[in-house]
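# one predicted model, sequence on top.
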Amino acid sequence: DTEVTQTPKHLVMGMTNKKSLKCEQHMGHRAMYWYKQKAKKPPELMFVYSYEKLSINESVPSRFSPECPNSSLLNLHLHALQPEDSALYLCASRSEGWEYGYTFGSGTRLTVV
Amino acid sequence: TQLLEQSPQFLSIQEGENLTVYCNSSSVFSSLQWYRQEPGEGPVLLVTVVTGGEVKKLKRLTFQFGDARKDSSLHITAAQPGDTGLYLCAGGNSGNTPLVFGKGTRLSVIA
């Protein structure tokens, strides 16, 4: 298995809703990432997990809450989002070794109404 | 803060033409990666270059890492409509330091 699987593919939520995005990989990668990508822009880093521990939080608002239950799973819990949070949310993982590239999932297209 | 400047930002060419995309920085990177992203999908890794002066070929795509490991280029020969997409360069360093992404080049190849 050489994929990163993200669910759901599309999500529409109201500003008072609570929802979660899920990311799964079975490649044994110990670094996992959440990125946010707005239209026609490059991905922006949100969180980095290394060996299931949060190692980087890029000053992301607390309405985004990451979780890494085990080495294969990464969740992003969403609560009280704003319309400007609408974007493509990408998960990525990487093997150990700085020379390796990231494997990205297909993303979750989130719309906040 | 390390930055990667990518140029051009947009490129629209006819099928069969050649093109080059540039990625430049004032900082040294341990590795340079190129990704291609299609609409509604995640970026897909095309290549990683790690040695200064390294050249890698992937069919009609040629990637080069500058001697000083501060810049890279992607050259596409005889572009095809299937090459259309967003091309992202990304610089990597040792350890688990996250990649630094360029702003991307949006390529459109018209049949």
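Thanks, I have the structure now.

# all contacts plus neighbour counts: C-alpha atoms, from now on.
Noted.

# contact partners for A:P42?
Residues in contact with A:P42, defined by CA atoms under 8 Å, 6 or more residues apart in numbering or on different chains, are B:L88, B:F101, B:G102, B:K103, B:G104.

# among those, which one has the most neighbours?
The most crowded member of the contacts of A:P42 is B:G104, carrying 30 neighbours; neighbours defined as other CA atoms under 10 Å in any protein chain shown.

# which residue sits closest to it, ignoring its sequence neighbours?
Leaving aside its chain neighbours, B:G104 sits nearest to B:L88 (4.5 Å; criterion: CA to CA, 6 or more residues apart in numbering or on different chains).

# what sits up against the strand or helix carrying that neighbour?
Secondary structure assigned from DSSP states H and E places B:L88 in strand B:85-92. Strand B:85-92 is contacted from outside by A:42, A:98-99, B:4, B:6, B:23, B:29-39, B:98-108, using CA under 8 Å, 6+ apart.

# now a PyMOL select for only the buried ones of those residues.
Of the contacts of strand B:85-92, the buried ones go into a single PyMOL selection, burial set by 16 or more other CA atoms under 10 Å in any protein chain shown:
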select buried, (chain A and resi 42+98+99) or (chain B and resi 4+6+23+29+30+31+32+33+34+35+36+37+38+98+99+100+101+102+103+104+105+106+107+108)
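
# list the ones among the contacts of strand B:85-92 that fall in strands.
Judged by DSSP state E, the contacts of strand B:85-92 include B:6, B:23, B:31-37, B:100-101, B:105-108 as members of strands.

# which of the residues you listed lies closest to chain A?
The nearest member of the ones in strands among the contacts of strand B:85-92 to chain A, counting by CA to the nearest CA, is B:S31 at 6.0 Å.

# show me what from chain B comes close to chain A.
B:30-31, B:33, B:40-45, B:48, B:50, B:88, B:92-96, B:98, B:101-104 (CA under 8 Å from any CA of the partner chain).

# thinking again about what came up before, how far does the strand holding B:L88 sit from its chain's centre?
5 Å (CA atoms, centre = their mean, to the nearest Å).

# same question for stretch A:38-49.
Distance, centroid of stretch A:38-49 to centroid of chain: 9 Å (CA atoms, centre = their mean).

# and it, end to end?
22 Å (CA to CA, to the nearest Å).

# so for it, mean pLDDT?
What stretch A:38-49 shows for mean pLDDT is 93.

# again, but for stretch A:56-68
Stretch A:56-68 comes out at a mean pLDDT of 95.

# that one near chain B anywhere?
No. Counting by CA under 8 Å from any CA, chain B is not contacted by stretch A:56-68; separation bottoms out at 9.0 Å.

# please consider this matter closed, and thank you.
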